[in-house]
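[1] pasting the structure only:
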């Protein structure tokens, strides 16, 4: 089992705590798997040194497996009273992503959907209270095996990319942000079949550079992933025309790897009949159908399959799609489009949903900025174009 050196553990913990920009007197919940316990504890200690009130929790892979195997679905669907109370008092939430993804491959769609349903009232509270949150990647041999990559690669893609200087990300981000401000439409193409047009409507254009600044907090941009690095915005939810090809993406319910994904958008949303995948297509469509059914019960307007986000990767350390969203969507030279929810205060969108599901293109996209005055290329074959 991989074990962080004391020096690396300290660097990571200090970076994670710094990224959250917490103040003395705030509250923090830190969660992670047993394999990441040392980092969970170091993050807690570094936060406590700043006067933050901290609660920590850990769970084993065996516990997660038994929870879904042995607990009846009606209890999984029930929202936890403890979690509801916790949501009312925490100011910050950090989760270190260290579960074995293979556990979820054998869990039924129904139980995962029930878990999502239970979490909706909790998300509503944390959204209302502007709770800052951070999802942190953690390299494990189980994750490397699941993704079919060597451990040194997953370690580099997570840890080296996490520790990158924020200024490196901001240099590219400003160019991309300025271009998107001028866009009425964005047209994305690549050599793998992506040919997608989205409409921009003057929404906020946000930069994830690995730090929640005071200005970010004013803008309600209070969430981040580590490693980080993207520019993102919310296109018009009812406009999307064309095709997005994504080489691989883990199913958000079962973690089964979906490959060769062809998303077909017509009249502003996915055409499920034309949408395809070379591997695990049925799994992908079952997740979408379960989410649509849940959204029909929960929300007045169903936007499960409408575009929710356009993101453009910035991080130069990560250079290969491996099926792990936390790193894939940060690759410089890729874009990602999400389906579902975008109505939190940071995004400023109009859609609510039980899911927010991102799909990332291959590296090497072309991005055309279209407005009423002129069109110009922002990116060609994954590289920024000087205009």
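    Now that the structure is in, tell me what you want to look at. From a predicted model like this one, the values you see are computed outputs, not experimental measurements.

[2] with adjacent residues omitted, what lies nearest to residue 138?
    In this structure, residue 138 finds its nearest non-sequential neighbour in residue 98, 4.2 Å apart by Cβ to Cβ, 6 or more residues apart in numbering. (Each C-beta comes from the backbone N, C-alpha and C, glycine too.)

[3] now swap in residue 155 and tell me
    residue 139 (4.3 Å).

[4] quick check: phi and psi on the one you found?
    phi -80, psi 130 (degrees, to the nearest 10).

[5] dump the residue contacts of it.
    By Cβ atoms under 8 Å, 6 or more residues apart in numbering, residue 139 lies in contact with 2, 151, 154-155, 158-159.

[6] just the buried ones out of these, please.
    Neighbour-count burial (16 or more other Cβ atoms under 10 Å) applied to these gives 154-155, 158-159.

[7] what would the residues you listed look like in CSV with secondary structure?
    Shown next, in CSV, are those (DSSP: H, G, I helix; E, B strand; the rest coil):
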residue, secondary structure
154, helix
155, helix
158, helix
159, helix
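
[8] between these, which is nearest residue 344?
    residue 158 (25.2 Å; Cβ to Cβ).

[9] and the closest one, what does it touch?
    Counting by Cβ under 8 Å, 6+ apart, residue 158 has contacts 137-139, 227, 326-327.

[10] list just the nearest of those to residue 79.
    Closest to residue 79, out of all of the contacts of residue 158 and judged by Cβ to Cβ, is residue 326, at 26.4 Å.

[11] now do the contacts for the spatially closest residue to the closest one that is not a sequence neighbour.
    Spatial nearest neighbour of residue 326, excluding adjacent residues (Cβ to Cβ, 6+ apart): residue 137 at 4.6 Å. For residue 137, the contacting residues are 97, 158, 162, 225-227, 324, 326-327, by Cβ under 8 Å, 6+ apart.

[12] how's this structure carved up into domains?
    6-138, 166-207+221-384 (automatic domain parsing).

[13] hey, which of those is tucked in deepest?
    Greatest average neighbour count among the domains of the chain goes to domain 166-207+221-384 (a mean of 20), per mean count of other Cβ atoms under 10 Å.

[14] for that domain, measure first residue to last.
    Domain 166-207+221-384 stretches 19 Å from its first residue to its last (Cα to Cα, to the nearest Å).

[15] then stretch 28-47?
    8 Å.

[16] also stretch 363-373?
    29 Å.

[17] tell me how far it lies from the chain's centre.
    23 Å (Cα atoms, centre = their mean, to the nearest Å).

[18] show me what the mean pLDDT comes to for that stretch.
    Per-residue pLDDT values over stretch 363-373 give a mean of 95.

[19] just stretch 177-196 next, same as before
    97.

[20] quick one: terminal-to-terminal distance for that stretch?
    Span of stretch 177-196 from end to end, Cα to Cα: 19 Å.

[21] starting at the chain centroid, how far to it?
    Using Cα atoms, centre = their mean, the offset of stretch 177-196 from its chain centre is 20 Å.

[22] likewise stretch 368-376?
    Per Cα atoms, centre = their mean, the centroid offset for stretch 368-376 relative to its chain is 29 Å.

[23] contacts for that stretch next, please.
    179-180, 182-189, 377-378, 385, 387.

[24] just the helices from the stretch 201-350 of the chain, written as ranges.
    Shown for the stretch 201-350 of the chain, the helices assigned by DSSP state H, counting those that start in this stretch span residues 214-218, 281-298, 325-328.
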